[in-house]
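Colleague: I'll drop the sequence and a predicted model, then ask my questions.
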Amino acid sequence: MYLVTAEEMRGLDLFTIEKMGIPGLVLMENAGRGVLCVLRRCFPQWRRQKIAVLCGKGNNGGDGFVVARYLREQGAFVEVFLAALPEELSGDAKLSMEIFLRSGGHLIHLATQRGEPGEDISLSSFDLLVDALLGTGLKSQVRDPIAGLIEKVNQSHVPVLSVDIPSGLCSDTGRPLGVAVKAQVTVTFGLPKLGHFLYPGRELSGELYVVDIGIPARALGEQKLIRELVDPQMLCGMLRPRSPQAHKGQFGHLLVVAGSAGKTGAGVMACEAALRVGAGLVTMGLPRSLNSAMEARLTEVMTLPLSEGPEQSLCMAAGREILEALEGKSGLVLGPGLSTRGETPELIRELVRKVSLPMVIDADGLNGLMGNLELLRDTPGVKILTPHPGEAARLLSLSNSQVQSDRIQAALELARRSSSYVVLKGAGTILADPQGKLRLVPTGNPAMASGGMGDILTGIIAGLLVQGLQPFDAMSLGAYLHGLVADEWAAVTGKRGLLATDLLALLPRALERLTEGQVPRSWPQAFPQGCALYG
């Protein structure tokens, strides 16, 4: 499913209206009908509830009038509040208001001639609020009287259904423009917007539904959309079912170069995760003095003792040993728990220069590239970088807050400057490729805020990569699966106490379900055009 900016959605609407000849009022009617479908599903007591519809002066308000009209026609108790002067409305929004009034509807005006608040209202007396104040075209800070009304909505503690996007939320960044509605449910039209996914917009949007309002498929091709939401439909079929005659040699051999004194667990988790997603063989390369302990710990993983320095971390002499060991391997993981002591950072840069196999670089592998990001541009082979925001900030010479304030741009810039694929981890993991394509991952939850989660993800992606998946697909399936099993764990156990290794046993079955096309409930949910209003 594509994700769009406000400008892209505007282009889709204009193409539909001007090139295809579908009137804007038809799209508005379809939008309002779709909202009502979702409202009836999410709020089954709606016929016995007191509902307030809050309308602004733009097309978002026009959608609200359609919703209010259908609610009235089906016997609901509805009051409609207009946060603008009637003469401020134009086009389809004005026509929608007039149809509402001609159908017997009544407006309560919340604005005076000077733009000051009109009638004072108590929203807490309602059972449900429909927010149709501001839409996706909002670009500037929200001002009074709308800002004050949004504050009242949030203070009312009444459930809110937002039309298209919570009012006040920037549809491109997911950040409030001063103040924004916190919705329990959001019904958006055509395609989800970036702001529905990017935090805090993801949280403010609540449960998201996408309604088909009649945007033709041809319009999507004309827009050349490049941002996608990773969903189960995208992932099904990436891994083919295995033949009864399959053997381990058909599913890749991964070398994981990881570990140093006090940090061997990171490599262990990466190795075991790679095996759990189906890699045929895994070998862990680590400092020689730590090898005996790992041989006892890793039953299914082979070990490769490597030259080390006095700090029990890898030294330059290990480089030749690693390059020789890569003969016959399918891919390399570089970084988990390697440390930044002694000669290890120099070794990392030397391997990046010389290794032509697909490589996943994580943790101290990334730390070893600080100040040398451009080194990746002239090196052979596919590189996948898996930074958390702090590592991305150091690679880009930015602050952590700068990265978090625009995660999409940070991921794209890191991919561009390094000519590498990027997995920017965090709440709403972002995937970027060197050509500027973007995918966003909807799975994951706060229970994942514990040590080792990144090492598991690295192993998952690398394990899929050595089985033959293309880099962007391995990242997409890996990151989605990583969050999915954590979501399944949290649904049973809660949002605290999840260990990274708890995910390992859950991975095979979840991966098999995706392979077999047993699609889990996706986010967001899609509603078809013309969904039934009655019955």
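Modeller: Right, received. Where do you want to start? Since this is a predicted model, take the numbers as computed values, not measurements.
Colleague: The nearest residue to Thr5 once chain neighbours are set aside: how many residues sit nearby?
Modeller: Spatial nearest neighbour of Thr5, chain neighbours left out: Asp172 (4.9 Å); criterion: C-beta to C-beta, 6 or more residues apart in numbering. C-betas here are computed from N, CA, C, even on glycine. Other residues near Asp172 come to 20 when the count uses other C-beta atoms under 10 Å.
Colleague: which residues in the stretch 301-450 of the chain form helices?
Modeller: For the stretch 301-450 of the chain, applying DSSP state H, counting those that start in this stretch gives helices covering 318-325, 344-354, 364-367, 389-396, 400-405, 407-418.
Colleague: Which neighbouring elements make contact with the longest helix that the chain contains?
Modeller: Longest among the helix segments of the chain by residue count, using DSSP state H, is helix 471-493. Contact partners of helix 471-493 among helices and strands, from 3 or more C-beta pairs under 8 Å, 6 or more residues apart in numbering; DSSP states H and E: helix 232-235, strand 383-385, strand 421-424, strand 430-432, strand 438-440, helix 453-465, helix 507-515.
Colleague: Tabulate the ones you listed in a markdown table, adding columns for mean neighbour count and distance to Glu321.
Modeller: Below are those laid out as a markdown table (neighbours: other C-beta atoms under 10 Å; distance: least, C-beta to C-beta, whole Å):
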| stretch | mean neighbour count | distance to Glu321 |
| --- | --- | --- |
| helix 232-235 | 17 | 37 |
| strand 383-385 | 26 | 21 |
| strand 421-424 | 26 | 27 |
| strand 430-432 | 26 | 33 |
| strand 438-440 | 22 | 36 |
| helix 453-465 | 30 | 20 |
| helix 507-515 | 18 | 31 |
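Colleague: And the ones you listed: which comes nearest Ala500?
Modeller: helix 453-465 (5.0 Å; C-beta to C-beta).
Colleague: so for that closest one, what's the average pLDDT?
Modeller: Averaged across helix 453-465, pLDDT comes to 98.
Colleague: Now do stretch 236-245, average pLDDT.
Modeller: What stretch 236-245 shows for mean pLDDT is 88.
Colleague: Surely Ser124 and Val153 touch.
Modeller: No. Ser124 is beyond contact range of Val153, at 10.2 Å (criterion: C-beta atoms under 8 Å).
Colleague: So the two - more neighbours on which side?
Modeller: Per other C-beta under 10 Å, whichever of Ser124 and Val153 has more neighbours is Val153, with 26 against 11.
Colleague: Can you tell me the SS state at that one?
Modeller: helix (DSSP: H, G, I helix; E, B strand; the rest coil).
Colleague: which residues touch it?
Modeller: In this structure, Val153 makes contact with 54, 123, 129, 131, 160, 167, 181, judged by C-beta atoms under 8 Å, 6 or more residues apart in numbering.
Colleague: can you name the two of the residues you listed that are farthest apart?
Modeller: Maximum pairwise distance among the contacts of Val153 (C-beta to C-beta): 13.4 Å, between Leu123 and Ser167.
Colleague: what about the helices in the stretch 51-200 of the chain?
Modeller: 59-73, 91-102, 146-156, 194-197.
Colleague: returning to what we had before: confidence-wise, which of the contacts of Val153 comes last?
Modeller: Leu123 (95).
Colleague: can you pull the contacts of it?
Modeller: Contact analysis of Leu123 by C-beta under 8 Å, 6+ apart lists 52, 129, 152-153, 156, 158.
Colleague: Tell me if I'm right that the residue nearest to Thr5 and Ala6 touch.
Modeller: Yes. Between Asp172 and Ala6 there is a contact under C-beta under 8 Å: 5.9 Å.
Colleague: residues in contact with stretch 302-316?
Modeller: For stretch 302-316, using C-beta under 8 Å, 6+ apart, the contacting residues are 255, 257, 260-261, 281-291, 294-295, 317-318, 321-322, 325, 338-339, 341-344, 346-347, 350.
Colleague: Show me which positions of it end up buried.
Modeller: Going by neighbour count (16 or more other C-beta atoms under 10 Å), the buried part of stretch 302-316 is 303-309, 312-315.
Colleague: Could I get the full set of strands for the stretch 251-400 of the chain?
Modeller: For the stretch 251-400 of the chain, the strands defined by DSSP state E, counting those that start in this stretch occupy 253-257, 281-287, 302-306, 331-334, 359-361, 383-385.
Colleague: which parts of the longest one are buried?
Modeller: Across strand 281-287, burial judged by 16+ other C-beta under 10 Å covers 281-287.
Colleague: Pipe the residues you listed into CSV and attach distance to Pro380 per row.
Modeller: Formatted as CSV, the buried residues of strand 281-287 follow (distance: C-beta to C-beta, whole Å):
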residue, distance to Pro380
Leu281, 23
Val282, 23
Thr283, 21
Met284, 24
Gly285, 20
Leu286, 25
Pro287, 26
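Colleague: how about low-confidence regions in the stretch 51-200 of the chain?
Modeller: Scanning the stretch 51-200 of the chain with the threshold set as pLDDT under 70 gives 112-120.
Colleague: where do the strands sit along it?
Modeller: 77-82, 107-109, 128-132, 160-163, 185-189.
Colleague: can these go into CSV with extra columns for distance to Arg407 and mean neighbour count?
Modeller: Shown next, in CSV, are the strands of the stretch 51-200 of the chain (distance: least, C-beta to C-beta, whole Å; neighbours: other C-beta atoms under 10 Å):
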stretch, distance to Arg407, mean neighbour count
strand 77-82, 36, 21
strand 107-109, 41, 14
strand 128-132, 26, 28
strand 160-163, 23, 30
strand 185-189, 20, 27
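Colleague: Any idea which of these gets closest to Ser205?
Modeller: Of all these, strand 185-189 comes closest under C-beta to C-beta, at 4.2 Å.
Colleague: partners of the closest one, with directions?
Modeller: As defined by DSSP bridges, the strand partners of strand 185-189 come to strand 160-163 (parallel), strand 207-211 (parallel).
Colleague: Would you map out the domains in this protein?
Modeller: 6-228, 251-515 (automatic domain parsing).
Colleague: could those go into JSON lines alongside distance to Pro241?
Modeller: Formatted as JSON lines, the domains of the chain follow (distance: least, C-beta to C-beta, whole Å):
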{"stretch": "domain 6-228", "distance to Pro241": "25"}
{"stretch": "domain 251-515", "distance to Pro241": "6"}
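Colleague: Which one of the ones you listed lies nearest to Ser243?
Modeller: Short answer: domain 251-515, nearest of the domains of the chain by C-beta to C-beta, at 11.2 Å.
Colleague: what about that closest one, how long is it end to end?
Modeller: 15 Å (C-alpha to C-alpha, to the nearest Å).
Colleague: Repeat that for stretch 282-301.
Modeller: For stretch 282-301, the end-to-end distance is 5 Å (C-alpha to C-alpha).
Colleague: go on, stretch 270-284?
Modeller: Stretch 270-284 has an end-to-end distance of 9 Å (C-alpha to C-alpha).
Colleague: before we move on, what about stretch 268-283?
Modeller: First-to-last residue span, stretch 268-283, C-alpha to C-alpha: 10 Å.
Colleague: Quick one: mean pLDDT for that stretch?
Modeller: Stretch 268-283 carries an average pLDDT of 98.
Colleague: How about stretch 442-449?
Modeller: The average of the pLDDT scores along stretch 442-449 is 95.
Colleague: Pull out the buried positions in it.
Modeller: 442-445, 447-448.
Colleague: Distance from the chain centre to that stretch, please.
Modeller: Relative to the chain's own centre, stretch 442-449 is displaced by 11 Å; criterion: C-alpha atoms, centre = their mean, to the nearest Å.
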